[in-house]
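1. quick one: sequence plus predicted model below, questions after.
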Amino acid sequence: MNQHTGKPGIDLITLEVVRNKVEGIANEMQSTLLRSSFSTAVKEGLDASASLFTLEGETLAQALAIPIHLATLIPIMYTFIERFPAEEMHEGDLYIMNDPYLGGTHLPDIALVMPVFHHGRLLAFSAAMTHHQDVGGMSPGSVPPNASEIYQEGIRIPPLKLRDRGVFNETLLEMLKLNVRVADMFMGDLGAQIAACTVGARRLGELAERYGYDHTRGLFAELLDRSETLTRHALAEIPNGTYRYVDFLDNDGIELDTPVRIEIAVTIQDGTM
C-alpha cells in the first residue's frame, strides 16, 4: 500500500507523470488531426477534436480543442460500448457514426472510435471528431439553415464498424463517397482522423508496455477518482441553491422573426450539481 495515495503500487510522482503523458497523447492526436487534414474547415477553422477514453467510456484525457466535440464524444462513446460489446472487439477495429439522435452534434461532425489493445487485452479507446466540409444534403456545406428535417442535411451514419481487424468496409466507404460533394477532401479528412486515433493507440500501448496492463489501468482509475474529488470540493465552495439563466437565439432559421428561448436551472447541493 502506497502511503501517498492509499492505493497498491501507486505513488503521486508516477500519477503526475502519467497524467501529463495522457494529456500529451491527446494533444499529439490533435496535432496529427490538424496537420493531416485536407479541408479548410480543419486546416484553418480547427474544427476537429481528439480524446482518450477508459473501457467504461469515461474521459481519460482530451486535447485543447472544440468543447462541444469533447462533450458529445462522451455519449457517442457510450453508444459504441452499448452496440459493440468489448468481447467482440479486436485489434484493428474502427467505428464510425454521426447521428445526432445517438449522441452526435450535427451531421457534418463525424466521430471515429478505435479500441486500443495491449498484448491482446482491451486497454482503452482513442477517438477523434471532425467537422467535414460537406456530407451531402440539400446545399453545399451541409448546414442548410432552412432545413425542416434531418434528411435534408446530409448522410446520416448510425454506429457502424468502418474497419474489421484491419480490413476496411469498402462498401461503406463507397457509399459515403457517393453521398458527398467533395469525396477526395472527405476521404482526406477521414484519413486524418484514422491517423490521429492510431497515434493515440500507439502511445497508450507504449505507456502500458512501460507500466504493465493492470498498473496502467489502475493509474487511469486513480486519475479519475482524484478528478472527481477535486470537482466535488470545487462544487462544495458554491452556496447551495438553484441557479437560473435565460437567453435567446435570434431565430430557428425558418421563422426568422421568432426568437428561441433557452432556459437552464442548475441546483447545487452539498458538492453535487
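-> Thanks, I have the structure now.
2. the helix ranked longest in the chain: which residues count as buried?
-> The longest helix of the chain (DSSP state H) is helix 183-211. For helix 183-211, the neighbour count (16 or more other CB atoms under 10 Å) marks 185-186, 188-190, 192-201, 203-205, 207-208, 211 as buried. Using the backbone N, CA and C atoms, a C-beta is placed for each residue, glycine as well.
3. now do the following helix or strand past that helix against helix 183-211, angle only.
-> Once helix 183-211 ends, the next helix or strand along the chain (criterion: DSSP states H and E) is helix 213-236. With axes from the mean of the first three to the mean of the last three CA atoms, to 10 degrees defining the directions, helix 213-236 sits at 100 degrees from helix 183-211.
4. what packs against helix 213-236?
-> helix 12-36, strand 59-62, strand 121-131, helix 183-211 (3 or more CB pairs under 8 Å, 6 or more residues apart in numbering; DSSP states H and E).
5. go with 7 Å
-> helix 12-36, strand 121-131, helix 183-211 (3 or more CB pairs under 7 Å, 6 or more residues apart in numbering; DSSP states H and E).
6. what is the burial count for residue 52?
-> 25 (other CB atoms under 10 Å).
7. what residues are up against it?
-> 22, 25-26, 60-61, 124, 126, 200, 204 (CB atoms under 7 Å, 6 or more residues apart in numbering).
8. remind me which residues of this protein are low pLDDT?
-> For the chain, residues meeting the criterion pLDDT under 70 lie at 1-9.
9. and if we set it to 80?
-> Residue ranges of the chain with pLDDT under 80: 1-10.
10. run a quick neighbour tally on residue 216.
-> Residue 216: 21 neighbours (other CB under 10 Å).
11. doesn't residue 208 make contact with it?
-> Yes: taking contacts as CB atoms under 7 Å, residue 216 lies within contact range of residue 208: 4.5 Å.
12. what do those two both touch?
-> Contact criterion CB under 7 Å, 6+ apart; residues shared by residue 216 and residue 208: residue 123.
13. list the contacts of residue 19.
-> Neighbouring residues of residue 19 by CB under 7 Å, 6+ apart: residue 223.
14. let me fix that, I meant to ask about residue 264.
-> 244-245 are the contacts of residue 264 under CB under 7 Å, 6+ apart.
15. use 47 as the first number for this chain going forward.
-> Noted, 47 is the first residue going forward, which turns the last one into residue 310.
16. that one falls within a helix, correct?
-> No: looking at residue 310 with DSSP: H, G, I helix; E, B strand; the rest coil, it is strand, so not inside a helix.
17. any idea what it is bridged to?
-> Per DSSP bridges, the residues bridged to residue 310 are residue 291.
18. distance of it from residue 279?
-> Plainly put, residue 310 is 23 Å away from residue 279 if you go by CB to CB, to the nearest Å.
19. over to residue 95?
-> 28 Å.
20. neighbour count: the two, which is higher?
-> Using other CB under 10 Å as the criterion, residue 95 and residue 279 rank with residue 95 on top: 29 against 10.
21. adjacent strands (with direction) for whichever strand or helix holds that one?
-> Taking DSSP H and E as the criterion, residue 95 maps to strand 94-99. Next to strand 94-99 in the sheet, as set by DSSP bridges, lie strand 105-108 (antiparallel), strand 167-177 (antiparallel).
22. what's the spatially most central residue of the chain sitting at in phi/psi?
-> For the chain, the residue nearest the mean C-alpha position is residue 119 (3.2 Å; CA atoms, centre = their mean). Backbone torsions of residue 119, given as degrees, to the nearest 10, read phi -60, psi -20.
23. let me see the contact set for it.
-> Counting by CB under 7 Å, 6+ apart, residue 119 makes contact with 97, 157, 173, 175.
24. hmm, try it at 6 Å
-> 97, 173, 175 (CB atoms under 6 Å, 6 or more residues apart in numbering).
25. looking at those, which has the most residues close by?
-> Among these, residue 173 has more neighbours than the rest - 30 neighbours, counting by other CB under 10 Å.
26. that one against residue 100, yeah?
-> No: using CB atoms under 6 Å, residue 173 is not in contact with residue 100, being 11.7 Å away.
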